[in-house]
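[1] no sequence for this one, just the structure:
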């Protein structure tokens, strides 16, 4: 990971997405920006999995859509194999989409209810190879279905005839049918049962190994992210708080927000509470991204905040062992998670 | 789709050792059941809608075949039996009007015009309204605003004034009725379709299609329109009777079809004048009109329940 010299497949620099919010009456309209993603930078290597975690509304999904060019970024660069995707026209972008694909959160909503599974999986093929023979398409679709663990003889069925987990497999097959190099998973398992979650995650891991895929795995469930990610980016109010290897992140978070998130993971045992959870628990709610706090966006909720945090925006700094953190007090704080019985985070 | 693979587990394959997934790989293709088929089955269970559809079917057959079979012509005046009451003896089953024309054949001929106006005008408004609304809704922004303001402007024109103006300029002609009704009816359709499109284009499968590089016009064609059709079909079945009524209204005012042609509206209008002396001249066309309107409404209701089972209250 950090010691690797190969160039990254994806390099994101200072990416920002603002939504314009129209306010006020008909005549005196004000446009205020909602900073959904505000200056995110990271790199991704071939075959690597980057987890992205954060509360609802922290800009995870917007980040995913901005990477694919589904929402236009306000500034920044998305370098895919050295080529900037930001500012490409619709046509050029469309060609690139062969290499970058996305899997959605709601498996049923991401499939057109009026199309058969075969047509859904084949649609990208028809789009990119309009002259391809029908037989070939069908063969490929059946192959994909088998690969993601669906019975190919179900090719003529409709999405509503499948379970949530199966629908997600269809979504994965659609994303993989063009042989992409990067898959962005936008909370692919949060709508599924826990037992199905594990199946889907293991499927993604298998496929990643088999096809040398890079993954960006977005979730709000830390346990899920830990299982699949090499590195994890923690987002808060559209900004990266910490980017660290999954192992480090869960053992010794560098950022107070990460610390709070990790400690908030419930212990799968009724009645038992994590030691130290009380004093590090977060106060209040996430502020509105229309009106983010000055300085460090996390300071109003941070138990360790000092005057400096209110005034200065902390840059994302490189720490020992190749981890990155955006906190003024990262060196002073020791947020090592107390060791619990095995099985807990 | 081909289902040439053996329909049972492969010959000689040691079935006991295969895991269920492997074993199932050799099964033949399963037939899917589309949401349309589901809706169709639900519709067939709706007795009111099925009855209405049967009556409507009979009505349409009557209207098409009737005038050929009946020995009277619609403009033949039977001077021996003017204003005759319904009678089997003289062959005028529904009676005759003041100038001795057979009411039965006139009602059926009038039905042809009324139903034709209803179907054609609705079809025109369907095609224009769906494409217009889907484009405005899907592209959004300035396109949407300009297109929908245009709809508002046309909507604001007084309908009767518009019709009278057309009559004055082009003279009375059946085509003008199609044009006038079509010009107004697609507006509602466009608004409904636009509203639906606005919510559909936020669906994840549309986003997935965009992420796969599908072009906008294919997204509208493959993803937006097929998912609109449920709502549109319901609206269509409710529009047909509305159009028939509008045509009747125009004919009642004397702006509709021209003699000796007739429509249900024109017949009701004529009948209303002789209501006291010859009530049958009003009763039969009015009954046909009413039954048709009821039928379409029941079919529309049934379709709504069948296509949108979640909304049933």
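    Arrived safely. Here the structure is a predicted model, which means the values were calculated and not measured.
[2] give me the low-pLDDT residue ranges for the stretch 1-150 of chain A?
    Along the stretch 1-150 of chain A, the model assigns pLDDT under 70 to residues A:1-6, A:24-28.
[3] Near chain B, which residues of it are found?
    Counting by CB under 8 Å from any CB of the partner chain, the residues of the stretch 1-150 of chain A close to chain B are A:65, A:68, A:70, A:94-95, A:97-98, A:101-102, A:104-106, A:109-118, A:123-124, A:127-128, A:138, A:146, A:149. C-beta here means a position set from N, CA and C on the backbone, and glycine is covered the same way.
[4] can you give me the helices in the stretch 151-300 of chain B?
    Using DSSP state H, counting those that start in this stretch, the helices assigned to the stretch 151-300 of chain B run over residues B:159-170, B:174-200, B:204-211, B:216-219, B:225-252, B:264-273, B:280-307.
[5] Quick one: closest of those helices to residue A:236.
    Nearest to residue A:236 among those is helix B:204-211; the distance by CB to CB comes to 24.9 Å.
[6] what's that closest one packed up against?
    If contacts are counted by 3 or more CB pairs under 8 Å, 6 or more residues apart in numbering or on different chains; DSSP states H and E, helix B:204-211 sits against strand A:100-103, helix B:216-219.
[7] tell me how far the first one is from the chain's mean position?
    By that I understand strand A:100-103. How far strand A:100-103 lies from its chain's middle: 11 Å, per CA atoms, centre = their mean, to the nearest Å.
[8] And it, what does it pack against?
    Applying 3+ CB pairs under 8 Å, 6+ apart, we find strand A:100-103 packed against helix A:164-176, strand A:182-186, helix B:204-211.
[9] Adding distance to residue A:314, write those out as a markdown table.
    Converted to a markdown table, those look like this (distance: least, CB to CB, whole Å):
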| stretch | distance to residue A:314 |
| --- | --- |
| helix A:164-176 | 36 |
| strand A:182-186 | 27 |
| helix B:204-211 | 34 |
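[10] looking at these, which is closest to residue A:42?
    Across these, residue A:42 has its closest neighbour in strand A:182-186 (12.7 Å, CB to CB).
[11] Work out the sheet partners of that closest one and label each with its direction, please.
    strand A:100-103 (parallel), strand A:214-219 (parallel) (DSSP bridges).
[12] returning to that earlier point: can you tell me which of the residues of the stretch 1-150 of chain A next to chain B are buried?
    Buried members of the residues of the stretch 1-150 of chain A next to chain B, scored by 16 or more other CB atoms under 10 Å in any protein chain shown, are A:65, A:68, A:70, A:94, A:97-98, A:101-102, A:104-106, A:109-112, A:114-118, A:123-124, A:127-128, A:138, A:149.
[13] Inside helices: which ones of the residues you listed?
    A:65, A:94, A:117, A:118, A:123, A:124, A:127, A:128, A:138 (DSSP state H).
[14] Pull the number of nearby residues for residue B:147.
    Using other CB atoms under 10 Å in any protein chain shown, residue B:147 has 17 other residues around it.
[15] Contacts only, for residue B:270.
    B:97, B:262, B:281 (CB atoms under 8 Å, 6 or more residues apart in numbering or on different chains).
[16] Pick the one among the residues you listed closest to chain A.
    Nearest to chain A among those, counting by CB to the nearest CB, is residue B:262 at 42.5 Å.
[17] Can you list phi and psi of that closest one for me?
    Main-chain torsions, residue B:262, degrees, to the nearest 10: phi -150, psi 170.
[18] That one - how many residues pack around it?
    Using other CB under 10 Å, the number of residues around residue B:262 comes to 27.
[19] Of all the residues in the stretch 51-200 of chain B, which one is nearest chain A?
    residue B:200 (10.0 Å).
[20] can you tell me which residues contact that residue?
    Contact partners of residue B:200, counting by CB under 8 Å, 6+ apart, are B:206, B:223, B:224, B:227, B:228.
[21] go again using 7 Å as the cut-off
    B:206, B:224, B:227, B:228 (CB atoms under 7 Å, 6 or more residues apart in numbering or on different chains).
[22] With distance to residue A:89, pLDDT and neighbour count added, can I get those residues in a markdown table?
    Formatted as a markdown table, the contacts of residue B:200 follow (distance: CB to CB, whole Å; pLDDT from 0 to 100; neighbours: other CB atoms under 10 Å in any protein chain shown):
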| residue | distance to residue A:89 | pLDDT | neighbour count |
| --- | --- | --- | --- |
| B:206 | 21 | 90 | 23 |
| B:224 | 23 | 89 | 25 |
| B:227 | 29 | 87 | 21 |
| B:228 | 29 | 87 | 21 |
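[23] Nearest to chain A, out of these: which one, please.
    Using CB to the nearest CB, residue B:227 is the member of the contacts of residue B:200 that lies nearest chain A, at 6.0 Å.
[24] Now do the SS call for whichever residue of the stretch 151-300 of chain A sits closest to chain B.
    Nearest residue of the stretch 151-300 of chain A to chain B: residue A:157, at 3.6 Å (CB to the nearest CB). Following DSSP: H, G, I helix; E, B strand; the rest coil, the label given to residue A:157 is coil.
[25] quick one, phi/psi of it?
    In terms of degrees, to the nearest 10, the main-chain angles of residue A:157 are phi -80, psi 170.
[26] How many residues are close by it?
    When counting by other CB under 10 Å, one arrives at 22 neighbours for residue A:157.
[27] thinking again about what came up before, look up how far residue A:196 lies from the residue of the stretch 51-200 of chain B closest to chain A.
    Using CB to CB, to the nearest Å, we find residue B:200 at a distance of 27 Å from residue A:196.
[28] does whichever residue of the stretch 1-150 of chain B sits closest to chain A sit in a helix or strand, and which one?
    Relative to chain A, the nearest point of the stretch 1-150 of chain B is residue B:32 (3.6 Å; CB to the nearest CB). Secondary structure from DSSP states H and E places residue B:32 outside every helix and strand.
[29] my guess is it meets residue A:158, correct?
    Yes - with contact defined as CB atoms under 7 Å, residue B:32 counts as touching residue A:158 (4.9 Å).
[30] Pull up the overlap in contacts between the two.
    Counting by CB under 7 Å, 6+ apart, the residues touching both residue B:32 and residue A:158 are residue A:116.
[31] Between the two, point out the one with more neighbours.
    Shown here are residue B:32 and residue A:158; by other CB under 10 Å, residue A:158 has more neighbours (23 against 18).
[32] Quick check: phi and psi on that one?
    Torsion angles, degrees, to the nearest 10, at residue A:158: phi -110, psi 160.
[33] ok, it touching residue B:34?
    Yes - assessed by CB under 7 Å, residue A:158 is found in contact with residue B:34 at 5.4 Å.
[34] pLDDT weak spots in the stretch 201-345 of chain A?
    Where the stretch 201-345 of chain A drops to pLDDT under 70, the residues are A:272-281, A:337-345.
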